[in-house]
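# Have a look at this prediction, sequence included:
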Amino acid sequence: QVQLVESGGGLVQAGGSLRLSCAASGRTFSSYNMGWFRQAPGKERQFVAGIDWSGRSTDYADSVKGRFTVSRDNAKNTVYLQMSSLKPEDTAVYYCAASGSGLSRLFGGYNGWGQGTQVTVSA
């Protein structure tokens, strides 16, 4: 099973940008579809973005489409989430996840999770 470690979170003003990284261990990273989820206090974990194993197919939640970009570098075993035009409602703990099956928006579609990184957007 792939091990995942997120980084890059922090405090940013509304309208600002952050880039999250998710480093994966193991030699099979390039075979996994990857997803980004987020969870705000008192709310369920929700899908943010996903990318297939090749990087050619991506998917975004409507709430972040046009502002966030997911990408991956299989040579570096890393997936990224570039976040721009951040809003206070983007405040959450962000998690990356690995799926050995198809690209999915569902929490249950992923079987490997990182520990999360906090993103806080001030008004």
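Thanks, I have the structure now.
# immediately after the helix or strand bottoming out on mean pLDDT in the chain, which helix or strand?
The helix or strand of the chain with the lowest confidence, counting by mean pLDDT, DSSP states H and E, is strand 112-113 at a mean of 90. For strand 112-113, the following helix or strand on the C-terminal side (DSSP states H and E) is strand 117-122.
# residue closest to the middle of this structure?
W36 (2.4 Å; Cα atoms, centre = their mean).
# How much space separates that one from V5?
Counting by Cβ to Cβ, to the nearest Å, the gap from W36 to V5 is 14 Å. C-betas here are computed from N, CA, C, even on glycine.
# Now the common contact residues for the two.
C22 (Cβ atoms under 8 Å, 6 or more residues apart in numbering).
# contacts for stretch 47-56?
Contact with stretch 47-56 is made by 30-38, 57-61, 64, 68-72, 74, 79, 81, 94, 103-107, as judged by Cβ under 8 Å, 6+ apart.
# how about a cut-off of 7 Å?
Contacts with stretch 47-56, where a contact means Cβ atoms under 7 Å, 6 or more residues apart in numbering, come from 30-38, 58-61, 64, 68, 70-72, 79, 81, 103-105.
# same check, this time on stretch 103-117
So stretch 103-117 is contacted by 1-2, 4-9, 20, 22, 33, 35, 37, 45, 47, 50, 52, 57, 59, 93-101 (Cβ under 7 Å, 6+ apart).
# can you rerun that using 6 Å?
By Cβ atoms under 6 Å, 6 or more residues apart in numbering, the residues outside stretch 103-117 that reach it are 1-2, 4-6, 9, 22, 33, 35, 45, 47, 50, 52, 93-99.
# Would you mind checking these for buried ones?
If you count burial by 16 or more other Cβ atoms under 10 Å, the buried members of the contacts of stretch 103-117 come out as 2, 4, 6, 9, 22, 33, 35, 45, 47, 50, 52, 93-99.
# just checking, which of these belong to strands?
The strands, defined by DSSP state E, take in 4, 6, 22, 33, 35, 47, 50, 93-99 from the buried ones among the contacts of stretch 103-117.
# quick one: which of the residues you listed is nearest L86?
Checking these against L86 with Cβ to Cβ, the nearest one is Y94 at 11.6 Å.
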